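Trainee: Mind folding the following:
(2 chains)
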2 protein chains.
Amino acid sequence: MTEMHSPYLMFLGDVQDQLGAKTAQGIVDWRPEWCIGQLKLEGCVADLGLQNVSIEEAVAAGAKTMIIGIVNSGGFLPDHWISVIVDALDAGMDIASGLHIRLGDLPEIKEAATRNNASLFDVRHPTHAIATGKGNKRSGKRLLAVGTDCSVGKMYTTLAIEKEMRSRGMKADFRATGQTGIFIAKSGISIDAVVADFISGAVEELSPENDPDHWDIIEGQGSLFHPSFAGVSLGLLHGAQADALVLCHEPTRGHMRGLPHQPLPDLQECMDLNLTTAKLTNPAAEFVGLSVNTSGLTDEDGAAYLKKLEDEFNLPCTDPFRNGTANIVDNLS
Amino acid sequence: MTEMHSPYLMFLGDVQDQLGAKTAQGIVDWRPEWCIGQLKLEGCVADLGLQNVSIEEAVAAGAKTMIIGIVNSGGFLPDHWISVIVDALDAGMDIASGLHIRLGDLPEIKEAATRNNASLFDVRHPTHAIATGKGNKRSGKRLLAVGTDCSVGKMYTTLAIEKEMRSRGMKADFRATGQTGIFIAKSGISIDAVVADFISGAVEELSPENDPDHWDIIEGQGSLFHPSFAGVSLGLLHGAQADALVLCHEPTRGHMRGLPHQPLPDLQECMDLNLTTAKLTNPAAEFVGLSVNTSGLTDEDGAAYLKKLEDEFNLPCTDPFRNGTANIVDNLS
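Mentor: Numbering: from 1, shown residues only, chains lettered A, B, ... in the order given. All right, here's what the predicted structure looks like:
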């Protein structure tokens, strides 16, 4: 994927609740300096806490790309958004979308992009042929977040680790494997959308050879223990060739996400299976820490839970939102 | 996928070697009664040992579908095949293809299919939206072939087991997950071609609820130890919810297929990982036998190798080509 250009104008359409703008909110949380304003249509309920701007104002302020980082009911693109997107293209911006529909499949949008020599980014869709994974050792170092379940903070953890490493002057790049991460990194591959044969190959492409002291901090997806998505997680693990693994966990969850009948794995069992399978492509793989989303616990209970895990696994444990990731980065060799 | 209709006319085009007709040969090996003849163009080198027939002769003999079960250099469909395919459609046959290109993407073929109300089957391409896997327990029994590597006889093994079970009057259906298997079963899903998020869901669809004494004999793909394709294998394992696993192996192979740097797994290690991960969706999963392709060994060495494995694993071991699969079927409960 070609890199997107910042700054961004955040398009909110007429989204009916704040949850529909979750992706856009993630971009604002992690890259506020790129988000110069929001564009809402009549009836929009979501708000990102940004200045409301018109397309003209956004372009005047330097916006290079209009981001459609919202979930619309049904995943389609409503007809009345098309003219707004065409206006943005005519005003000189690129468009990046996280919708299921491809922007280029809509003739008016495609024509406007061609006319303005502008780029259309559909972050859910791989844009080119991907090779199968090879498993050859690549130079540089890699950290991968793995999880007991989906949606337990893998993106948050890896972004926080990248931030911590960069603040120390270390060479580190977050590598995005999901749509929100791709908007934040300006590039990446939506790994669950590639054809099954190419999962590990996509991650090899995403994290190519690099300087010996450079770290790729790779966003994980799913869980080896999720009956729906474990294949994605295993291909990602093999392609990542991770030197360092971080286990992400949410301690108050009663069952695997979306599957009320499926219990969460035991943490030790989860780490064992990840480590066993990671060693196929990197025999030196090891866990360097645990990252826990303790937002469902009180400050006191959260701290006690982290302390308990530290004692149990003899590894640094943190809630990256509450405590940052310094203890995990300290543990990288 | 709608079921294909037999009998088949086997189209060989002008394939330049016998290996290019490997898929077609697999169909003839397993379903000779469906293959009423072959159609070769000038310059074709491959031969299936069938009678050479014209389209008219094939239709007169009852052919319902023309099968393009060949690999063409580059995977495309040469222009001079198009008129032959159109003739076959006009003569009243459906067309089924294992090529990478979709038949319906070629306007002349699509128009001829519409004109004749005929079906086009692209066995490499899923034809409909697949749901994500759920992992809910399904009635009926399931056997899955897993492997130490790709191309170690998983399709052969499962077809041989289906044949053995049916000869005993047992309810058994081979479930195809690859292109050759799909031609043989008349339906199936090319599992390595589905989008990553839907691997286990595709297998759940392929092997739905059934009678308590019915066995689905599910074709495996890849290996949990293959760095390119392990994600496919894990999703398949979880979706299959196998009660019975058969390990397939080729003992003379020096490295994982296509990856000279990658050693084959130890058999025990391979069985352990398959069993551990299979239990996520079926805690009762167990190995019921080993199937070994001993074609690279003498009769004597092959028999000795099977005996050695039987003693080591205390499970029935067979080369299904040489010895059938009765000992494995005897071991099903």
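Trainee: Please, where are all the helices along the stretch 1-150 of chain A?
Mentor: A:22-30, A:55-60, A:79-90, A:107-116 (DSSP state H, counting those that start in this stretch).
Trainee: count of residues packed around A:Asp197?
Mentor: For A:Asp197, the count of nearby residues is 23 (other C-beta atoms under 10 Å in any protein chain shown). C-beta here means a position set from N, CA and C on the backbone, and glycine is covered the same way.
Trainee: Using the three-state scheme, assign it.
Mentor: Assigned with DSSP: H, G, I helix; E, B strand; the rest coil, A:Asp197 falls in the helix class.
Trainee: Could you find the closest non-adjacent residue to it?
Mentor: Spatially, and ignoring its direct neighbours in sequence, A:Asp197 is nearest to B:Asp192 (4.2 Å; C-beta to C-beta, 6 or more residues apart in numbering or on different chains).
Trainee: So the helix or strand containing A:Gly239, near chain B or not?
Mentor: Secondary-structure element containing A:Gly239, defined by DSSP states H and E: helix A:230-240. Yes: under the criterion of C-beta under 8 Å from any C-beta of the partner chain, helix A:230-240 makes contact with chain B via A:Ala230, A:Gly231, A:Val232, A:Ser233, A:Leu234, A:Gly235, A:Leu236, A:His238, A:Gly239.
Trainee: quick one: contacts for the first one?
Mentor: Spelled out, that is A:Ala230. A:Gly222, A:Ser223, A:Leu224, B:Ser200, B:Leu234, B:Gly235, B:His238, B:Thr277, B:Leu280 (C-beta atoms under 8 Å, 6 or more residues apart in numbering or on different chains).
Trainee: rewinding a little: can you add distance to B:Gly43 and give the residues of helix A:230-240 next to chain B back as a markdown table?
Mentor: Rendered in a markdown table, the data for the residues of helix A:230-240 next to chain B read as follows (distance: C-beta to C-beta, whole Å):
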| residue | distance to B:Gly43 |
| --- | --- |
| A:Ala230 | 47 |
| A:Gly231 | 42 |
| A:Val232 | 44 |
| A:Ser233 | 47 |
| A:Leu234 | 44 |
| A:Gly235 | 40 |
| A:Leu236 | 45 |
| A:His238 | 42 |
| A:Gly239 | 41 |
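Trainee: can I get those residues in a markdown table with pLDDT and distance to B:Gln18?
Mentor: Output for the residues of helix A:230-240 next to chain B, formatted as a markdown table (pLDDT from 0 to 100; distance: C-beta to C-beta, whole Å):
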| residue | pLDDT | distance to B:Gln18 |
| --- | --- | --- |
| A:Ala230 | 98 | 39 |
| A:Gly231 | 98 | 34 |
| A:Val232 | 98 | 37 |
| A:Ser233 | 98 | 40 |
| A:Leu234 | 98 | 35 |
| A:Gly235 | 98 | 33 |
| A:Leu236 | 98 | 38 |
| A:His238 | 98 | 34 |
| A:Gly239 | 98 | 35 |
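Trainee: List only buried entries from those.
Mentor: For the residues of helix A:230-240 next to chain B, a neighbour count by 16 or more other C-beta atoms under 10 Å in any protein chain shown gives the buried set as A:Ala230, A:Gly231, A:Val232, A:Ser233, A:Leu234, A:Gly235, A:Leu236, A:His238, A:Gly239.
Trainee: of all those residues, which comes closest to A:Asp47?
Mentor: Within those, proximity to A:Asp47 (C-beta to C-beta) peaks at A:Val232, which comes in at 32.8 Å.
Trainee: Might one say that the closest one is in contact with A:Asp192?
Mentor: Yes: applying C-beta atoms under 8 Å, one finds A:Val232 in contact with A:Asp192, separated by 5.2 Å.
Trainee: Could you tell me which residues touch both of those two?
Mentor: A:Gln221, A:Gly222, B:Ala196, B:Asp197.
Trainee: which of those residues are buried?
Mentor: A:Gln221, A:Gly222, B:Ala196, B:Asp197.
Trainee: Contact partners for the last one?
Mentor: Under the criterion of C-beta under 8 Å, 6+ apart, the contact partners of B:Asp197 comprise A:Asp192, A:Ala193, A:Ser228, A:Phe229, A:Val232, B:Thr132.
Trainee: now do 7 Å
Mentor: Applying C-beta atoms under 7 Å, 6 or more residues apart in numbering or on different chains to B:Asp197 gives the contacts A:Asp192, A:Phe229, A:Val232, B:Thr132.
Trainee: any idea which helix or strand comes after the strand or helix carrying A:Ala303?
Mentor: Assigned by DSSP H and E, A:Ala303 belongs to helix A:299-313. Using DSSP H and E, the helix or strand that follows helix A:299-313 in sequence is strand A:317-318.
Trainee: Run through the residues that contact A:Ala24.
Mentor: So A:Ala24 contacts A:Met10, A:Leu12, A:Leu48, A:Ile67, A:Gly69, A:Ile70 (C-beta under 7 Å, 6+ apart).
Trainee: try 8 Å
Mentor: A:Met10, A:Leu12, A:Gln38, A:Ala46, A:Leu48, A:Ile67, A:Gly69, A:Ile70.
Trainee: A:Ala242 too?
Mentor: A:Ala242 neighbours (C-beta under 8 Å, 6+ apart): A:Arg142, A:Leu143, A:Leu144, A:Ile218, A:Ala278, A:Asn282, A:Ala285.
Trainee: hmm, back to that, and the buried ones among the residues of helix A:230-240 next to chain B, which two are furthest apart?
Mentor: A:Ala230 and A:Gly239 (14.7 Å).
Trainee: what's the closest non-adjacent residue to A:Cys270?
Mentor: In this structure, A:Cys270 finds its nearest non-sequential neighbour in A:Thr148, 5.2 Å apart by C-beta to C-beta, 6+ apart.
Trainee: What is the burial count for the one you found?
Mentor: Other residues close to A:Thr148 by other C-beta under 10 Å number 26.
Trainee: So which residues of the stretch 151-300 of chain A form helices?
Mentor: Using DSSP H, counting those that start in this stretch, helices in the stretch 151-300 of chain A cover A:154-167, A:179-185, A:199-206, A:230-240, A:267-278, A:299-313.
Trainee: Pipe the ones you listed into TSV and attach distance to B:Ile82 per row.
Mentor: Converted to TSV, those look like this (distance: least, C-beta to C-beta, whole Å):
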stretch	distance to B:Ile82
helix A:154-167	48
helix A:179-185	39
helix A:199-206	32
helix A:230-240	37
helix A:267-278	46
helix A:299-313	62
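Trainee: Pick the most deeply packed of those helices.
Mentor: Among these, the stretch with the highest mean neighbour count (mean count of other C-beta atoms under 10 Å in any protein chain shown) is helix A:230-240, at a mean of 30.
Trainee: residues in contact with the spatially most central residue of chain A?
Mentor: Central residue of chain A (C-alpha atoms, centre = their mean): A:Gly181, 2.7 Å from the mean position. A:Gly181 makes contact with A:Met155, A:Leu159, A:Phe174, A:Gly188, A:Glu219, according to C-beta under 8 Å, 6+ apart.
Trainee: farthest pair in those?
Mentor: Every pair of the contacts of A:Gly181 checked by C-beta to C-beta; the farthest is A:Leu159 and A:Gly188, at 12.2 Å.
Trainee: Perfect, I'm done here.
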